[in-house]
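Q: starting from these lines, generate the structure:
(chains A and B)
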Amino acid sequence: MATVDDRRVPVGRRAWIVVAERELRDLWLAGRGLPLLLAYALLLSVTSYLVAANQALNFLEQRETVSLTLQVAVAVGALLVLLGAADSVSGERERGTLESLLLSPAPRRALLLGKAVAALSLWVAAWAISVPYVWYLGRGVGVVGVAVASSLVVGSLLALFLAGYGVLISTIVGSNRLSLSVSLFALLALYAPTQMPTAVQNSWIGDLLLRIDPFTAGPRYLGRLIINGHSPGQDAGWLIGPALAAVVAVAVALAVADRLTLHGGDQA
Amino acid sequence: MSAALALQAQGLKKAYRGVVAVESLDLDVEAGTILGFLGPNGAGKTTVIRMLSTILRPDAGWFAVAGVRMDRPVEIRRRVGVLPESAGYPPGQTGEEWLTFHAELFGRSRDDARATARRLLAEVGLAERGGSLISGYSRGMRQRLGIARALVNDPQVVFLDEPTLGLDPMGQLQVLELMTRIARKHGVTVVLSTHLLAEVEQACDRVLILNRGRIVAQGTVAEVARRAAAPRQGLVKVPPELRTRALEVLAASEVQAVAGDGDRRGELVLNMPAGVALDTAASLALRRLLDAGVPVLGFALESGRLSDAFLTVTEDS
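A: The predicted structure is shown next:
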């Protein structure tokens, strides 16, 4: 039998591309991608209808309706990414398919990168779906362009953060249920600063917290651009938190990738 | 390290949270061997296979697979194929898609991977079902698909961890025949973990029995069966008219002999003494008979069975 030895130069595609392609197929053709996106579109439709037509909410200005809708789109889109990422490794563990993957010579980082790409595709699809809603709600007030572009930037940073974080948790913990629970709990915790009293929010520590928490800083940045009409560079400081969170989460996930084990935890 | 050794290990240890799973395992397996890897549940077989296939890191000791030491796990993975115990399969993919995916992970181009997948599907008898979703496969078909996956990288060493688990007798037979055929055809070293002792006797060149994380017997099937089950009896045939003379000669030696069921035909049952190697005792008895001028018309040792050996060496588990 021929031997695959050191002299054999791999002629195939990079492993992360192979994994990403397989994951994308599984997600969109045979998995939960389409049902999740359908639910997302339904939610966005209801939100848009309420902010645009409901008598109780029609005190909102047009710019505010765009901002509110985008915040919902970004938050739910990022949540979808988290669900996909948190299932990425622990799901394979539970289905018994992880061992076969680990038996391949593909770098562990490539396996995780491919899975993260598939999870991120949920955000890309969610953002694309939000565009017609933004166009409809923002027509005539000149915010459509900036709303679409800024939501892409903010949403992508949050999605990157949650993809890295979700993959990280999924790599470390042993069970899928635990992975999803820990991930969702952390996401809820990130929204906690929005519930702080106004006085605390206006203090320096409250302001710092709002700026470093990606899920408060990102939406505030969107609001300042869309509602207040600020230029993108004027409030760029609000993007530091989301950008930093994205970089750190992805870096830690890649660093931990080499410790990816069959059972998770310390059972190497 | 010998180039002819497909597997080599010394002092391999593994514990899970303080519970020892494998304790100081030493192993030498020559290339091309079909090794029957036996042991009761919890003996440590799967842990050993996972260590040798680089899925688990040993706590102590070292090993080499196909001449590659354990500090180069990626190179080892390129050389081994594994059918894991309780392997899972993605129900939403076809058999061909799944094999193609794994072949690509081993660096094959997409076309090469697809061709490899089709060749292997044919080899394991799934050519006509390669385009069907795995969710529609029977357990036996999934096991055969798993064996095909273990071969996508043209491995030098194949580990099959309980490949017949949960299969009906026909399915077990098919998988074992497939394993034997592939091993002989490709000349790969196969480590077969199973509880089917009768099939191991037929298919395997060597046997290793593990109990409580330790090797308790290893060698050829015949060696293990003889050593562990230790047949202490033989049957010797002499001319009927010399039967009494033969009994007198043997009575003077360490070998006790009694007339057998076929004593009218001159058959005697030899009871070999304990503490003396079986071959030595048998040789001694035969030499005494020949020296006394009693011709030996036939001789046979009562063959030991692997199942007896297995039960003997694992009785404390």
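
Q: do the helix or strand harbouring A:Ala75 and chain B meet?
A: Taking DSSP states H and E as the definition, one finds A:Ala75 inside helix A:62-88. No. Among the residues of helix A:62-88, none lie within reach of chain B under CB under 8 Å from any CB of the partner chain; the closest is 13.4 Å away. To be clear about C-beta, it is placed using only N, CA and C from the backbone, and glycine gets the same treatment.

Q: for that helix, the averaged confidence score.
A: If you average the pLDDT over helix A:62-88, you get 92.

Q: and the contacts of the following helix or strand past it?
A: Where DSSP H and E defines the elements, the next helix or strand beyond helix A:62-88 is helix A:90-95. Helix A:90-95 is contacted from outside by A:98, A:101, A:170, A:173-176, A:178-179, A:262-264, B:88, B:90, using CB atoms under 8 Å, 6 or more residues apart in numbering or on different chains.

Q: and which of those residues is nearest to B:Phe106?
A: Distance to B:Phe106 across the contacts of helix A:90-95 (CB to CB) is lowest for A:Leu101, with 11.9 Å.

Q: quick one: residues contacting the spatially closest residue to the closest one that is not a sequence neighbour.
A: Distances taken as CB to CB, 6 or more residues apart in numbering or on different chains put A:Leu111 closest to A:Leu101, at 5.9 Å, once the chain neighbours are dropped. Contact partners of A:Leu111, counting by CB under 8 Å, 6+ apart, are A:Ala15, A:Trp16, A:Val19, A:Leu101, A:Ala257, A:Leu260.

Q: does the last one touch A:Ala106 like I think?
A: If I follow you right, that is A:Leu260. No. Using CB atoms under 8 Å, A:Leu260 is not in contact with A:Ala106, being 11.2 Å away.

Q: and the angle from the strand or helix carrying the residue nearest to A:Leu101 to helix A:62-88?
A: Using DSSP H and E, the secondary-structure element containing A:Leu111 is helix A:108-138. Orientation check (axes from the mean of the first three to the mean of the last three CA atoms, to 10 degrees): helix A:108-138 against helix A:62-88 gives 160 degrees.

Q: if you count neighbours, what's buried in helix A:108-138?
A: Of all the residues in helix A:108-138, those buried under the rule 16 or more other CB atoms under 10 Å in any protein chain shown are A:108-123, A:125-127, A:129-130, A:133-134, A:137-138.

Q: what does stretch A:153-166 give?
A: Neighbour-count burial for stretch A:153-166 flags A:153-166 (criterion: 16+ other CB under 10 Å).

Q: give me the most central residue, the chain.
A: I went with chain A, as the question did not name one. Centrality entry for chain A: nearest residue to the mean C-alpha point is A:Ala159, 2.2 Å, by CA atoms, centre = their mean.

Q: sorry, I should have been clearer: chain B.
A: With distances taken as CA atoms, centre = their mean, B:Gly36 lies nearest the centre of chain B, 0.9 Å away.

Q: in a strand, that one, correct?
A: Yes. Counting by DSSP: H, G, I helix; E, B strand; the rest coil, B:Gly36 is found in a strand.

Q: surely it meets B:Gln202?
A: No. If you go by CB under 8 Å, B:Gly36 and B:Gln202 don't touch, sitting 10.0 Å apart.

Q: per-residue pLDDT, the residue nearest to the centre of chain B?
A: 92.

Q: which residues are in contact with it?
A: B:Leu192, B:Thr194, B:Val200, B:Ala203, B:Cys204, B:Arg206, B:Val207, B:Leu208, B:Val221.

Q: how many residues are close by the second one?
A: When you say that, I think you mean B:Thr194. Neighbours of B:Thr194 under the rule other CB atoms under 10 Å in any protein chain shown: 23.

Q: give me phi/psi at it?
A: phi -160, psi 170 (degrees, to the nearest 10).

Q: I figured it hits B:Glu201, correct?
A: No. B:Thr194 is beyond contact range of B:Glu201, at 11.4 Å (criterion: CB under 8 Å).

Q: so what's whichever residue of the stretch 51-200 of chain A sits closest to chain B closest to, chain neighbours aside?
A: Chain B sits closest to A:Gly96 of the stretch 51-200 of chain A, with a gap of 2.5 Å, by CB to the nearest CB. Once flanking residues are discounted, A:Gly96 sits nearest to B:Gly88: 2.5 Å by CB to CB, 6+ apart.

Q: helix, strand, or coil at that neighbour?
A: Going by three-state DSSP: B:Gly88 is coil.

Q: and residue 65, how many neighbours does it have?
A: By default, I'm working from chain A. A:Thr65 has 24 neighbours, counted by other CB under 10 Å.

Q: hmm, no, I was thinking of chain B.
A: Applying other CB under 10 Å, we find 28 residues neighbouring B:Val65.

Q: near chain A, which residues of the stretch 51-200 of chain B?
A: Residues of the stretch 51-200 of chain B lying near chain A (CB under 8 Å from any CB): B:53, B:55-57, B:66, B:74-75, B:77-80, B:82, B:84, B:86-90, B:92-93, B:101-102, B:104-110, B:112-113, B:149, B:153-156, B:186-188.

Q: list only buried entries from those.
A: For those, a burial check counting by 16+ other CB under 10 Å picks out B:53, B:55-56, B:66, B:75, B:77-80, B:82, B:84, B:87-90, B:93, B:101-102, B:104-108, B:112-113, B:149, B:153-156, B:186, B:188.

Q: the residues you listed in helices, which ones?
A: Among those, DSSP state H puts B:Glu75, B:Arg77, B:Arg78, B:Arg79, B:Phe101, B:His102, B:Glu104, B:Leu105, B:Asp112, B:Ala113, B:Arg149, B:His186 in helices.

Q: go through those and say which is closest to B:Lys237.
A: Nearest to B:Lys237 among those is B:His186, at 44.4 Å by CB to CB.

Q: residue of the stretch 151-300 of chain B nearest chain A, please.
A: With CB to the nearest CB, the shortest gap between the stretch 151-300 of chain B and chain A falls at B:His186, namely 3.9 Å.

Q: how close does the residue nearest to A:Gly96 sit to A:Ser100?
A: 8 Å (CB to CB, to the nearest Å).

Q: mutual contacts of those two, please.
A: By CB under 8 Å, 6+ apart, B:Gly88 and A:Ser100 have no common neighbours.

Q: number of nearby residues for the residue of the stretch 51-200 of chain A closest to chain B?
A: By other CB under 10 Å, 15 other residues sit near A:Gly96.

Q: what sits against it?
A: A:Gly96 is in contact with B:Pro84, B:Ser86, B:Ala87, B:Gly88, B:Tyr89, counting by CB under 8 Å, 6+ apart.

Q: now the first one, nearest residue through space, not along the chain?
A: What that stands for is B:Pro84. Using CB to CB, 6+ apart and skipping residues adjacent in sequence, the residue nearest B:Pro84 is A:Glu99, 4.5 Å away.
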